[in-house]
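[1] turn this into a structure:
(4 chains)
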2 protein chains.
Amino acid sequence: MTARRQVIPRAAPPASGRGTGVAPLTVNDPALLVEGSDARFRRLIYDLYSFSTRLDKLRGAISRTVGLTGRQYHILLVVAELGGGPPVTVNKVAEALRTSAAFVTKETGALIRAGLMDKAANPKDRRAVMLRLTAKGEAAIDALAPALRTINDDLFANIGAGAFRALAETMARLVTNIDAALAVAERISRKKGPK
Amino acid sequence: MTARRQVIPRAAPPASGRGTGVAPLTVNDPALLVEGSDARFRRLIYDLYSFSTRLDKLRGAISRTVGLTGRQYHILLVVAELGGGPPVTVNKVAEALRTSAAFVTKETGALIRAGLMDKAANPKDRRAVMLRLTAKGEAAIDALAPALRTINDDLFANIGAGAFRALAETMARLVTNIDAALAVAERISRKKGPK
DNA sequence: GCCGATAGTTAACTAAGTTAATAATTAGGC
DNA sequence: GCCTAATTATTAACTTAGTTAACTATCGGC
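    I've put the predicted structure just below:
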């Protein structure tokens, strides 16, 4: 089918229009207002979105060099990190990634087919599986480390030790807080638009 | 088809195993190391991922109360913010959201069908469109503000003005840096795994 | 008046999830 | 010891959020 352009209606009478785009504040907390405006706050939220979009792309690009998607690589890292402790189960990985067990099952399947991970039944609990990296999986992580060092250094260029630690602390707090905020949002969402 | 459980192979000989999970460092920059370890850095990256996943869900939950997806609401906000200046085009919105024009076209279509936005041909340049909020679109933004204030305050609970400003500054720098890092990653990616 | 660049749209595809149903197993109450 | 409820993992079908590539229409320079 051809890409015939859609007909655009003639300019309608202008919307009532706030003109300068003044909108109601999106925060109450005075600590988040700069000279009474939430502009800086909204900018921060946009930056967080921009950053996370790009961070995903970054992870995707790095992962492609070993034939993985970004999420698969992330799972590989988490299994590596949890290894050495008690058996790594599907649910533990799902919790660490804050995603569903179903998704972990699907993606670990790809990693196992690629020979980077293996799965064995836990003799103590035959419902559970034990996920482990293979030697090839560990080699893949090691192979990516040099590129990762270059990229991470670039990413944090001109950010000193103080700013790094402050960021790490604030992000840890935000991660803690966001679950409560999400619970509130979902309560409102269910009340107002249960669909 | 029934969900017959997959047969799990008997425990294979253990992978070569790093045992304690010691992996090569993922950063060089000493400002990012704590006692010679990159553990705090990796934790920060995980936190950034966790946070952005949840932030997406938060936006999704809020947006559902007015029948929008998270991204549609985001586009609505950006058009509101850019309004009042020169005509808002598809490309400008795409740039602000760091996404493709194709995606903006598709999502603004939904917003227009919902009566929240309208589109008119620019008489000065008939290739371009002018996106504007309708009165209903502005009303939707206003209607969400009270819930947003509650949720944002919860999200930034126990984060003072100093930490907020430091976070805003560091995130702005990270957003600047990540484009360079992404360029490096994509160069490596194309070199090593052009597929 | 042609030619390359720019603006937008469409179609087809991919990544990254989700929910719901199902199966296998375990653990607890009695 | 047996039944029931909970837990662990898997599968299938679906959704959201994007992407790239091809294409149309228009503009600006020469």
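
[2] please enumerate the helices of chain A.
    Along chain A, counting by DSSP state H, helices occupy A:39-64, A:70-82, A:90-97, A:101-113, A:135-155, A:161-192.

[3] export the ones you listed to a markdown table and tack on mean neighbour count?
    (Each C-beta comes from the backbone N, C-alpha and C, glycine too.) Converted to a markdown table, those look like this (neighbours: other Cβ atoms under 10 Å in any protein chain shown):
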| stretch | mean neighbour count |
| --- | --- |
| helix A:39-64 | 19 |
| helix A:70-82 | 21 |
| helix A:90-97 | 18 |
| helix A:101-113 | 16 |
| helix A:135-155 | 18 |
| helix A:161-192 | 17 |
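
[4] could I get the contacting residues of A:Val175?
    B:47, B:50-51, B:54 (Cβ atoms under 8 Å, 6 or more residues apart in numbering or on different chains).

[5] check what pLDDT it gets.
    You'll see A:Val175 listed with a pLDDT of 92.

[6] using a markdown table, lay out the helices of chain A together with distance to DNA strand C.
    Shown next, in a markdown table, are the helices of chain A (distance: least, Cβ to the nearest atom of the strand, whole Å):
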| stretch | distance to DNA strand C |
| --- | --- |
| helix A:39-64 | 6 |
| helix A:70-82 | 4 |
| helix A:90-97 | 7 |
| helix A:101-113 | 3 |
| helix A:135-155 | 15 |
| helix A:161-192 | 10 |
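
[7] centroid residue for chain A?
    Centroid-nearest residue in chain A: A:Ser52, 6.6 Å away (criterion: Cα atoms, centre = their mean).

[8] that one: what's it in contact with?
    B:48-49, B:51-52, B:55.

[9] dump the residues you listed to CSV, plus pLDDT.
    Compiled in CSV, the contacts of A:Ser52 are given as follows (pLDDT from 0 to 100):
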residue, pLDDT
B:Leu48, 92
B:Tyr49, 89
B:Phe51, 91
B:Ser52, 89
B:Leu55, 91
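
[10] looking at those, which is nearest B:Ala181?
    Nearest to B:Ala181 out of these is B:Leu48 (Cβ to Cβ; 13.5 Å).

[11] wait, that closest one touches A:Thr170, no?
    No - with contact defined as Cβ atoms under 8 Å, B:Leu48 does not count as touching A:Thr170 (11.1 Å).

[12] so how far is A:Val129 from A:Glu95?
    Distance of A:Glu95 to A:Val129, computed by Cβ to Cβ, to the nearest Å: 15 Å.

[13] likewise for A:Asn152?
    A:Asn152 is 32 Å from A:Val129, by Cβ to Cβ.

[14] same check, this time on A:Val90
    Taking Cβ to Cβ, one finds A:Val90 at 6 Å from A:Val129.

[15] go on, A:Phe51?
    Using Cβ to Cβ, we find A:Phe51 at a distance of 34 Å from A:Val129.

[16] could you do A:Asp56 as well?
    Taking Cβ to Cβ, one finds A:Asp56 at 28 Å from A:Val129.

[17] ok, now A:Asp29?
    Distance from A:Asp29 to A:Val129, by Cβ to Cβ: 45 Å.

[18] domain map for chain A?
    A:50-144, A:160-195 (automatic domain parsing).

[19] export those as JSON lines, with columns for distance to DNA strand D.
    As requested, the domains of chain A are arranged in JSON lines below (distance: least, Cβ to the nearest atom of the strand, whole Å):
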{"stretch": "domain A:50-144", "distance to DNA strand D": "3"}
{"stretch": "domain A:160-195", "distance to DNA strand D": "10"}
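
[20] what stretches of chain A score poorly on pLDDT?
    A:1-22, A:192-195 (pLDDT under 70).

[21] which single residue of it ends up nearest chain B?
    Nearest residue of chain A to chain B (Cβ to the nearest Cβ) works out as A:Ser52 at 3.3 Å.

[22] give me the contacts around stretch A:38-48.
    A:25-27, A:32-34, B:51-52, B:55, B:77, B:81, B:96, B:152, B:164-165, B:167-168, B:171-172, B:174-175.

[23] still on that earlier bit, ok, so what distance separates the residue of chain A closest to chain B from A:Val184?
    21 Å.

[24] same question, A:Glu81
    Distance, A:Glu81 to A:Val184, by Cβ to Cβ: 31 Å.

[25] repeat for A:Ala101
    Counting by Cβ to Cβ, the gap from A:Ala101 to A:Val184 is 26 Å.

[26] do A:Pro24 as well
    Taking Cβ to Cβ as the measure, A:Pro24 falls 19 Å from A:Val184.

[27] quick one: contacts for A:Ala101?
    Contact analysis of A:Ala101 by Cβ under 8 Å, 6+ apart lists A:90-91, A:94.

[28] ditto for A:Ala114
    Contacts of A:Ala114 by Cβ under 8 Å, 6+ apart are A:67-68.

[29] likewise A:Val90?
    By Cβ under 8 Å, 6+ apart, A:Val90 lies in contact with A:101, A:104-105, A:108, A:128-129, A:131.

[30] next: A:Val184.
    B:150-151, B:154.

[31] near chain A, which of those show up?
    B:150-151, B:154 (Cβ under 8 Å from any Cβ of the partner chain).
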